[in-house]
Structure formats: structure tokens, C-alpha cells
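K.L.:
Compute the structure for the input listed below.
(chains A, B and C)
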Amino acid sequence: MLEWRRRREPSMLMLWLSPLIAIGLTMLLGMIVFTAMGYDGFHAVESIFVTPFIEPQRWPDLGVKAAPLVMIALGLAIGFRANVWNIGAEGQYIMGAIAGTGVALVTHEMTGWWILPAMAFAGVLGGMAWAAVPAFLRVRLQVSEILTSLMLTYVAVQGLYYLVRGPWKDPDGFNFPQTRMFGADQTLPAMMEGSLVHLGIPAALVIALVAWLLMEKTTAGYAVRVVGLAPAAARHGGFSADRVTWATLLASGGLAGLAGLFEAAGPFGQLTPQFPTGYGFTAIIVAFLGRLNPLGIVFGGVVLAATYVGGEIAQTTVRLPQAATGMFQALLLFVLLATDVLVKYRIGWKARAA
Amino acid sequence: MTSIITRRRFNFGAGASAAALPLIGTGARAQAPLGVGFIYVGPIGDHGWTWTHDQGRLAIEKEYGAKIKTSFIEKVAEGPDAARAIRQLAQAGNQLIFTTSFGFMNPTIQVAKQFPKLKFEHATGYQRAENVATYNARFYEGRAVIGTIAGHMSKSGQAGYIASFPIPEVVMGINAFTIAARKVNPNFRTKVIWASTWYDPAKEADAAKALIDQGCDIITQHTDSAAALQAAEQRGVFAFGQASDMKAFAPKAHLTAIVDDWSGYYIKRVKEVMDGTWKSGDVWGGIKDGMVKIAPYNDAVTPAARAAADEVTKGIVAGTLHPFTGELKDQKGEVRLKAGETASDAILSKMDWYVDGVQA
Amino acid sequence: MTTAILVSILMTLIAASTPILLAALGELVTEKAGVLNLGVEGMMLCGAVAGFAVAFSTGSTMLGLLAAMVAGVATAMVFAVLTLSLTANQVATGLALTIFGIGASSLIGAGFVGRTITRLDPVLPAALSEHPLLRAIFGHDIVVYLSLALVLGVSLFLRRTRPGLILRAVGENDASAHAIGYPVIAIRYAAIAFGGALAGLGGAYFSLALTPMWAEGLTAGRGWIALALVVFAAWRPGRLLLGAYLFGSVMTLELQAKAAGITWLAPELLAMTPYLATIAVLTMMSLGRKTGRLNAPACLGKPFSAS
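P.N.:
From the prediction side, this is the model:
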């Protein structure tokens, strides 16, 4: 009989192969499921997974969609490595945008090169402040950061609604619930004429590189990993778990906040009730798709961005409903999590009991 | 795999050249179907706003058959995602693109700049360009008709109004309804609950129940679901359908409905692109244009109410009756419209005050 | 205000609280076994659409309720297989389950949009409910009574029965429970299934009782409120009942106040309160730990493997 045998050490080969196996399996499963539902399964999967990569005009879209996902996932992954489960990145993302928008609104009649950096600074602080609450509660009171960070997300969403419908409503906006558009000095400069490509995309790549160096090449990164893998050993080694909790939550909150600010000052150019699009939650999927490794996350972010962009292409090419794209993303993660078992286990024959 | 890539590249090339072709080429390309694209804010299965627009899309398919090819992208978030979706439709070779939510305004203008040869139509917005037209329906005309019925049918003289957000569109609906009802019953009052959502069936139902508990015996709404009608049916009071005929959900309560019908406008605009006569502009169509329709009356609507409602409809169509005719005072008693004066479109599209009789 | 109106408000309040109570109660049992399933919203939507589809096709709301529970269990099993048998991360799997449930329910429900069914009726004879005050007691549908019975049942099960004790032991210390010889994985499977069944039932309460119809995203985020409620209730069924009704009151009375022309607080600030209150409760629980004890299952969210 077949059985799972735990590997002594996680298989490095499987660690990197499993996302690829997962993507392949998802494509196959997607084809079967969509065909069974009466759609052109082959072309649906082609539209979602192939077209976005081979049509150069889709690449800017991929970048715009992937940048916030990657940036948030980078922060989350550092925490996940240390067993710190910040699942409220969506809230930190919103708070970053709110803080940055606050600066933009205060300075809306001013000009100057310093405004954008000030907004970015406020964005990072806003995200950090929102992540500091779960950090404090976990370190001081042993309250689970999973629950508090999730709860705070909804508080942030309602806070955003309150601001854009109330005090921050555009005075010239016919009562529509949205802030005024940011001025030129409050907006990220476009990197490419006529597209939404903004500074956030190269920033995400740079941050990924820094995060990789930090995690793999420094003592701090080592501390994070040890605290996650072996808390007892970490204590003996003199690494403070509390300090790691604080650092990872603040880092992930700050990055989420920065991503929020980039999104507000870039593609949106204002705050609206539609600002929260679930990037904070999707980034958790990206972090896992990227194996919690900063460079893997860049890859994971682009793949997930492709499912969004490709999902829209599939709607026009084979009339695949939007809901099917959501199912496809879920399927991708299910399969990835399932193939994960290959990293930790191998399949072998069970010896018959005598 | 190679064949896929090659074919895709080819398609991409074709799409790009179609987008770049000036429209003078229309005659030469007469055999190729005209691409018409739609961007929807909700799912086509919402049975509300998006559903009515998709009915319009189906109507042009029925009208023009193989001469056109429609495509749509549903559940597009308002913001950068919309710009991407619109651009995708533009690059896929669509010549005419309808963007059907207010929040698509900036993305539409932005993408239209990059595709000067394509035609864009943005619903409910106020920004236009050479190749961006706007269109909207005068729903307030329908509100005046149902307000008249409400004035006749309500025993308590109190209507409950479930509203989404206090934007001009919604505010003018509340006012038109109340003005019409007060012409019948000068003491009529409209109680408004701001649901702060366009769509949350359970909350809409609970809002209806709260209004009924507070003495309202007629319910109307400016939110999307049929839940409020169901609540009215359960409590034995009257209500009106929103966006489409919702009689099936509340056979006894459903007095009539304001029906959005975009098909006439869509058919006309597609024809104009085919003929090369399309021009940007702002169309605000009402009952007369068939963009707003009144669903068949319920048997419960009394003859007096029917006659009065028909009278209002006729007056609006003939242009002898404007739902906003002075003298109109706001709640502070300030005169907003002098006697005999009618509200201009500019006044309507910025409306942020309530007439007497509204509790909002 | 007359009695009739007060009773009517009470009925609305109870109806609004019931689906959240059900979903939260299911999640409570799941979490007591040490498993955090964030896919409540997804399971509710699958239950809502399955319940409506079956009720519409067969004409029986009872069969609809049953189908909703089956759908809830089926959805929950995806989560269970991944997290228990394949030791996948619970947070990621739960989030994926929500995305899956939203997509799947929308695809399944596409053919049922705009269809109507008859609403779930009060279960007791109408003669009992003629007086308004009696109506408040006897005028509810079967799911309301069932939810109350389940609160009592779960409370007794967890505190007074041996299987309940074992379930809690599994949630507190899975390694010890395993060492003693309890089937940790099997117990967690059962707890997740129970959570799925109640989430499905809660979802169906929308599509069969509150707003008898199907439309995409019908539950509008109530699954997340249920998750908050479990924490708010400190994993105690009795407090869960209190919390659900408290929350239902806030939602209902807010609308009543608005209908009466009273607006004392921005609706957004009010909408924050359940979540802020939950954090406050968590904090207070932790502060008071020296006297009492933190009731959170110690193994919540942590994977377990026997080998």
C-alpha cells in the first residue's frame, strides 16, 4: 500500500518544482473543468496563462497588477518565515494609502519635490502603525496576531469609507464619495507615456532584491528563520522572539503601507471606496506561490497578475465568466498547497505488517 | 505550443492594426463585423444595473446579427483595473466601447486619449471628449410617476425610501418622488434610509422592515436587489420595482417598476458608427425616448391612481409637465426654484438639497 | 411604540442574527478542535446557492436546507483534506476556500438569478402566534429554533460529554492527545465538517428565509463577521449567542433609528464596532488571564502530523 514518508529534510528540488507542477496541474484541471462547464477549456486556459505573457502590450498591465502584490507579499513572507501570521495586510495597505492621502490633501495647493517623499514616508508609517497594534498585543499579551490583524482590516475599510464619504469628500465632486484628484506633485510620475506603469514596479523589484539579501545573507535574516523554525533554539542562541515579532510585523506593515500609497498616488490618483481590491489577501497567496522566498515572490506575483489580466482576456475570447477566474485562482492555490506535501514527504510502499 | 504562439502573434498584429486604422476604412471593411465592447461594474447575474445593460447588449446582437460582434468584461473594479479592461477591449479591435458605471469616468477618458479613432460611451458621467460621449437616463421622470401612484395608494401618507449614497442622481430621485406624491397628498412624507451600499440584500430587506415598522406603507428604493420588495410582500405593504420588472419577487406588493431600457440607445449608436455618423455628445433620455419605462400596473392600483399616473406620463412625454417645476422650497424653506420655473439639467446634475417632506 | 412594532423589531433582529450565529457556532467547534478555517464566507455562499437550487428544483425548502448543509460539508472537506491530510497551511487554504466559494457559487447560481421560491415558513401553527407577544416566541421558522437548540447542544457537548472533552483536548494539545491515543486527524475532520454544515445552513438562511432569492455574493461578508464573533465570544457558545444577538441588534436598531430620523453616528463608525469590540475583548481576556484563563485553543491554526 502507498504511504507518505516524511523526508528527513525538505526536498529542495520539490520546493522549487512544486509551484511549476502546481501551475501545470492547474492548467490541466482548468481545461477539464471549463470544458465540462461548456466553455472552450483549451482557449480559456490559454487566454489566462499564455496570452498575457506573449502579448507585449499586456506586460505593463502585468507589472501594474503585480507590483503591489509583490511588495506586500515580500513583507508577509518575512513574517511567515518567523511564524508571524499577519493576515491583515489589506488593512495596512489601506492605512498606508490613507496616511499618504492625508499628506496629499494637506499639500494639494502646494508644489515641490518633497511632497511625494513625504507621502511615501506617511504611507510607510501608516502601514506600520496599523501593524503595530497586533505586534503589541502579541508580544505583550500573547493575543493571536492572526485574529487582530484580520479584525483591523475591517476597521481600516470602514475608516476609509468614513473619510471619503465624509471629511475628505471632494468639495467639487457633486457629493460623489471620493477625494479630489491628486495634483501633479502628489502623483507618481508615469514611467511610460500613456500607461499606468509607475515607480512602484521598479521599487518592488529593488525591495525584492534587498529582502533576499537580508533574509539569506544577514544575521537578522538568520534570526528570523531560526525563530520560525526552532523557537527554543532561538532562545538559546540569544535571538529575541519578541524583537523578531515586532520587526517582521512592522516590516510587513510598512511595505503594505508603501504599496497602498503607490497605488493611491499612482494608478488611482485619489482615494475612492473602491480602493481596497483585496491585494492584501491575494498577496498571501503570492507569498506561498513564491515559497516565501523574495525572488520566488516576484515570480508568484507575476503569475497571479496574469490570472487577473488573462481572466479578462478569457472573458472576451471565450466568454468565460469572471467567477471562473476566481475559481481558477483558488484552484491554483489548492493544487500548490497539495503538491507541497511532496516537499515534506515522499511516496513509498508501506511494508506489510507481519 | 509553437502553433499557439504563432497564431496569437498573428491575432495580436491584427488587433493592433484594427485599432490603428482610421474609421474611413469602415466602408472597405464592411464585411468584417463591427466590434462592440462593454465594461460592467457588476456581474451580469446581478439582476440589477449591470443586467439591464447586458440586456441592451443582447438587443444589439439581435438587431444586427453577424454584422457586429459584442464582447464584455464583467465585475470590473472602478479604478486602475477599469483602465486595463477598457484598454484590452480597445486593443482587441472593438470600435465602440460602452463603459457602464460612473466610476469608469477617468479611466474611459484616459484610454480614449490613446485610441483617438475608437468611439467610447460612458454612462452617467460628465466628462466628454471628441471620441467620448456620455449618456444617462432621466430616471427621475419614472420617480415622478411612481410618486404619483404612491400619493394615491398610501393610507398613512408615508413612504419609505431605501437609498444608497447621497449623490445627485439619488437625491433627484428622492425629490421627484416626493414632489409628485405631495401633489396628490400635500402632507405626504418620504422617510429615507441611507443603506450606504448599492447591494446588500439582507440589509435592504431589514431597512424596508424598519421603515414599515415606523409607519410607512409603501416602499421604494434606489439600491439594486429585490429584497426590499420581498420584505414589503411579507408585511403586506406596497412597493415599486427598481431597474427591471420585479413582479415575480412580490406579486401583490409590486405596484409597478421603473424599467431601465438601454437597448434603443445602444442600437442607435451602433448604427451611427456603422454609418460613420457617430458624434460625441451628451444624451439624457427619459420616458419619451423609451430609455425609462413604466412596467405594467398591478391590479391593486386603483383607477384614480392609474389615471393620475398616466396623466403624468403623458405630460412628461408631451413636454407639458416637468417633474421639477417651481415653486420648490428646500427643507430650510429657501426657494430653490421660482414659481413656474423648471429645473435645468445643470441644476439637476448638481442637486444636493431636499424638498419639503423628505426626512433624510 | 406599540407592542406589535416592538415584536416586529424583535423578529427582524432575531432573523438577522440567526445566520451569523449558525456560521459562528460551526466555526467555534472547528476552532475548539484547533483548526482555523477562514473560509466561512465561501462555505456560506456555497450553502446559499445549493439551498436555493434544490429548493427551487424540488419545491421543498426543507430539502434546500439539507442540501445547503451537504454543500457546506463538501466545501469544508476540500479544506480538511488539504490542511489535515496534506498538512497545508490553514490560513492560506482558508482564504483560498473563500475565493473558491465566491467563484463556484456564482457559476452554479448563474441559472437561478431572478428565480423565486416560497419563503421558509414559521414552523409552529399560526394559531399560536395570534397575539403579538406570543408571536415573538412561537412565530419563528425552524432554523431559528434549531440554532438555539444547537447553541445549547454544543455547549453541553463541549463541557459535559466525553467526546466534547476529547475534542477540546485535541485543540489544546494535539501532540498529547495523539500520544494518549485519540485520533487527532479524524476528530478534526469531524469538527471541520460540522463547521461546514452550519456555515452552509447559515448561508441558506439568506437564500431561503431572509431574502428568498439567489444573487451573487448574497451573504455580503457576513462570514467574516462570524469569524470575529467566535473570538468576541471567547470561544464560549453562550457568549456567542449573546454576541450574535447583540450584533443583530446593532444592525437592526441602526436601521430603525435611521427610519425614525435619528442619526447619531456615522454608519461607518458603527460598522467598525464589532471588530473593535472583538479586539477589546481579546485584550481584556489576556489582561485578566491571571485570574481566569485565555480560552483560545492553544493549537489553533497549527498543523499537526502524526509521524
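K.L.:
now the strands for the stretch 201-350 of chain B?
P.N.:
B:218-222, B:238-243, B:254-260, B:282-285, B:292-294, B:328-329, B:335-337 (DSSP state E, counting those that start in this stretch).
K.L.:
And the stretch 251-354 of chain A, by the same measure?
P.N.:
Under DSSP E, counting those that start in this stretch, the stretch 251-354 of chain A gives strands at A:345-349.
K.L.:
Which residues are in contact with the residue of chain A at minimum distance from chain B?
P.N.:
The minimum distance from chain A to chain B, using CB to the nearest CB, falls at residue A:267 (3.2 Å). (Glycine included, C-beta is placed from N, CA and C.) Residue A:267 sits next to A:64, A:196, A:198, B:79-80, B:83 when contact means CB atoms under 8 Å, 6 or more residues apart in numbering or on different chains.
K.L.:
rerun at 6 Å
P.N.:
Listed by CB atoms under 6 Å, 6 or more residues apart in numbering or on different chains, the contact set of residue A:267 reads A:196, B:80.
K.L.:
repeat for residue A:145
P.N.:
A:85, A:134, A:138.
K.L.:
returning to what we had before: tell me which of the strands of the stretch 201-350 of chain B sits nearest to chain A.
P.N.:
Among those, strand B:218-222 sits nearest to chain A (CB to the nearest CB), with 13.8 Å.
K.L.:
If you rank the contacts of residue A:145 by neighbours, which is first?
P.N.:
residue A:134 (30 neighbours; other CB atoms under 10 Å in any protein chain shown).
K.L.:
so it, which of the three states?
P.N.:
Here residue A:134 is helix, with the state taken from DSSP: H, G, I helix; E, B strand; the rest coil.
K.L.:
Where does the prediction get shaky in the chain?
P.N.:
Because you didn't say which chain, this covers chain A. A:1-4, A:192-195, A:348-354 (pLDDT under 70).
K.L.:
Chain C, not that one
P.N.:
C:1, C:289-294, C:305-307.
K.L.:
hmm, 50 instead?
P.N.:
In the predicted model, chain C carries pLDDT under 50 at residues C:291-293.
K.L.:
residues in it within reach of chain B, list them.
P.N.:
Residues of chain C lying close to chain B by CB under 6 Å from any CB of the partner chain are C:5, C:8-9, C:12, C:16, C:110, C:113-114, C:116, C:210-211, C:215-216, C:218, C:220, C:255-256, C:258-261, C:267.
K.L.:
gap between residue A:256 and residue A:96?
P.N.:
6 Å (CB to CB, to the nearest Å).
K.L.:
if I look at those two, which residues touch both of them?
P.N.:
residue A:127.
K.L.:
Contact partners for residue B:226?
P.N.:
Counting by CB under 6 Å, 6+ apart, residue B:226 has contacts B:246, B:249.
K.L.:
Spell out which parts of chain A neighbour chain B.
P.N.:
Contact residues (CB under 6 Å from any CB) of chain A with chain B: A:54-55, A:57, A:61, A:174-177, A:194, A:196, A:267-268, A:274, A:277, A:312, A:315-316, A:322.
K.L.:
Buried among the residues you listed? Make that a PyMOL selection.
P.N.:
The command below creates a PyMOL selection of those among the residues of chain A next to chain B that count as buried (16 or more other CB atoms under 10 Å in any protein chain shown):
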select buried, chain A and resi 55+61+174+175+176+177+196+267+268+274+277+312+315+316+322
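K.L.:
Give the closest residue to residue A:292 in space, chain neighbours not counted.
P.N.:
residue A:77 (4.2 Å; CB to CB, 6 or more residues apart in numbering or on different chains).
K.L.:
Distance-wise, check the spatially most central residue of chain A relative to residue A:72.
P.N.:
With distances taken as CA atoms, centre = their mean, residue A:283 lies nearest the centre of chain A, 2.2 Å away. Using CB to CB, we find residue A:283 at a distance of 4 Å from residue A:72.
K.L.:
okay, and the common contacts of those two?
P.N.:
residue A:89.
K.L.:
Just give the number of residues close to residue A:52.
P.N.:
25.
K.L.:
Identify the residues contacting it.
P.N.:
Here residue A:52 is in contact with A:58, A:62, A:306, A:309-310 (CB under 6 Å, 6+ apart).
K.L.:
would you say it is within a strand?
P.N.:
No - going by three-state DSSP, the assignment for residue A:52 is helix, not a strand.
K.L.:
Skip the chain neighbours and tell me the closest residue to residue A:120.
P.N.:
Residue A:120 sits nearest to residue A:261 (CB to CB, 6+ apart), 5.7 Å away.
K.L.:
give me the number of residues near the one you found?
P.N.:
Neighbours around residue A:261, by other CB under 10 Å: 31.
K.L.:
The closest residue to residue C:251 other than its chain neighbours and chain A, how far apart?
P.N.:
Distance criterion CB to CB, 6+ apart; nearest residue to residue C:251, sequence neighbours excluded, is residue C:16 at 5.6 Å. Between residue C:16 and chain A the computed distance is 18 Å (CB to the nearest CB, to the nearest Å).
K.L.:
Before we go further, residue C:16 is sitting in a strand, right?
P.N.:
No - with three-state DSSP as the criterion, residue C:16 is helix rather than part of a strand.
K.L.:
Can you pull out the low-pLDDT segments for the stretch 1-150 of chain B?
P.N.:
Using pLDDT under 50, the stretch 1-150 of chain B drops low at B:1-29.
K.L.:
one step back: hmm, the residue nearest to residue C:251 is touching residue C:248, no?
P.N.:
Yes - counting by CB atoms under 6 Å, residue C:248 is a contact partner of residue C:16 at 4.4 Å.
K.L.:
Tell me which of those two has more neighbours.
P.N.:
residue C:16 (27 against 21).
K.L.:
show me the contacts for the more buried one.
P.N.:
So residue C:16 contacts B:206, C:248, C:251-252 (CB under 6 Å, 6+ apart).
K.L.:
can I get these in JSON lines with secondary structure?
P.N.:
Putting the contacts of residue C:16 into JSON lines (three-state DSSP) gives the following:
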{"residue": "B:206", "secondary structure": "helix"}
{"residue": "C:248", "secondary structure": "helix"}
{"residue": "C:251", "secondary structure": "helix"}
{"residue": "C:252", "secondary structure": "helix"}
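K.L.:
Check those and tell me the two furthest apart.
P.N.:
Spanning the widest gap among the contacts of residue C:16 are B:206 and C:248, at 9.5 Å by CB to CB.
K.L.:
what's the distance between residue A:131 and residue A:247?
P.N.:
From residue A:131 to residue A:247 the distance is 11 Å (CB to CB).
K.L.:
Those residues of the stretch 251-360 of chain B touching chain C, which are they?
P.N.:
Listed as neighbours of chain C in the stretch 251-360 of chain B under the rule CB under 6 Å from any CB: residue B:359.
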